[in-house]
Structures are given as structure tokens and as C-alpha cells.
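K.L.:
after the sequence you'll find the predicted model.
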Amino acid sequence: KAEGHVEGEKVENPDTGLYYDEYLRQVIDVLETDKHFREKLQTADIEEIKSGKLSRELDLVSHHVRTRLDELKRQEVARLRMLIKAKMDSVQDTGIDHQALLKQFEHLNHQNPDTFEPKDLDMLIKAVSARFE
């Protein structure tokens, strides 16, 4: 009996070591639920992904997928804000610019904390690519 990947079976991926690893995995999982996007992802080469060409396909995913991505982004922004608050509380420093702190997180568009847009996917891909180059 040959051992292989069974349809629908979850494959455990190793931890990337990124502080946004869970967010990355959730975004990928949600995007792969869209048949059109999954097909594009499977046929795309690494340059298409890095260049942002794949990110433009986000406009073609189903409304349900976009809604779920929006929800994931809001959760990630809330998590980052909580980390910033914890850091501020530990330092007990006043006058910290929240926007400047959010700019440290290059894996999402902090200027639009409510919706997941092609720019967010592009930023996530570029952040991951930069980390592993």
C-alpha cells in the first residue's frame, strides 16, 4: 500500500519562525478554499507570486473568502495592537506613536485595518520572501 497525501488530509508544515506564522497559515488556508485561486496558486511560478501578479487574483475570489480574509486581518491587527500595548505597558513610556509602531509590521497594510485587499496579500508575500532570501 503506497503512502501518500490523502485528499483532505491536513499536512503539518514546519513553523516558519515568523511572528505572524499563524496569520500566514490562516490566510493560505482560506485562499485555498477558493477553487479559482487555488488553481492559480498551483500553476503560478515563484516570480509571479513575488511580483504581485498572484495578488491581483484576490479580486476574483468569492465573497465568502473575502469576508473571512477581512475577519482574519482584523484579528491580526487586534493581536498586533495588543502586543504594542503590552510593550508600552512594560516600558511605561508615554507619547509613543502607535502608527510608527504599526509600521514595523510589514506583513499587512496597517493604514486599512478593516479589509483584506490585494495590497495585503502582496505585502504578506513580500514579507515572507524577504525573510527567506
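P.N.:
Great, that's in hand.
K.L.:
geometric centre of the protein: which residue is closest?
P.N.:
With distances taken as Cα atoms, centre = their mean, the residue of the chain nearest its centroid is L24 (4.0 Å).
K.L.:
pull out the buried residues from the helix or strand encompassing that one.
P.N.:
Following DSSP states H and E, one finds L24 within helix 21-31. Within helix 21-31, the residues scored as buried using 16 or more other Cβ atoms under 10 Å are Y23, L24, Q26, V27, V30, L31. Backbone N, C-alpha and C define where each C-beta goes, glycine included.
K.L.:
what about the helices in this structure?
P.N.:
For the chain, the helices defined by DSSP state H occupy 21-31, 35-43, 46-51, 63-91, 98-102, 118-132.
K.L.:
now for the helix holding L24, which elements pack on it?
P.N.:
helix 35-43, helix 63-91, helix 118-132 (3 or more Cβ pairs under 8 Å, 6 or more residues apart in numbering; DSSP states H and E).
K.L.:
run the chain-centre distance for the second one.
P.N.:
I take that to be helix 63-91. On the basis of Cα atoms, centre = their mean, to the nearest Å, helix 63-91 sits 11 Å off its chain's mean C-alpha point.
K.L.:
low-confidence stretches in this protein?
P.N.:
1-15, 90-104, 133 (pLDDT under 70).
K.L.:
at 90 what do you get?
P.N.:
Applying pLDDT under 90 to the chain picks out residues 1-21, 41, 45-54, 56, 80-114, 120-121, 123-133.
K.L.:
return the distance of the residue nearest to E32 when sequence neighbours are not counted relative to D114.
P.N.:
Nearest residue to E32, sequence neighbours excluded (Cβ to Cβ, 6 or more residues apart in numbering): R38, at 4.9 Å. As judged by Cβ to Cβ, to the nearest Å, R38 and D114 stand 25 Å apart.
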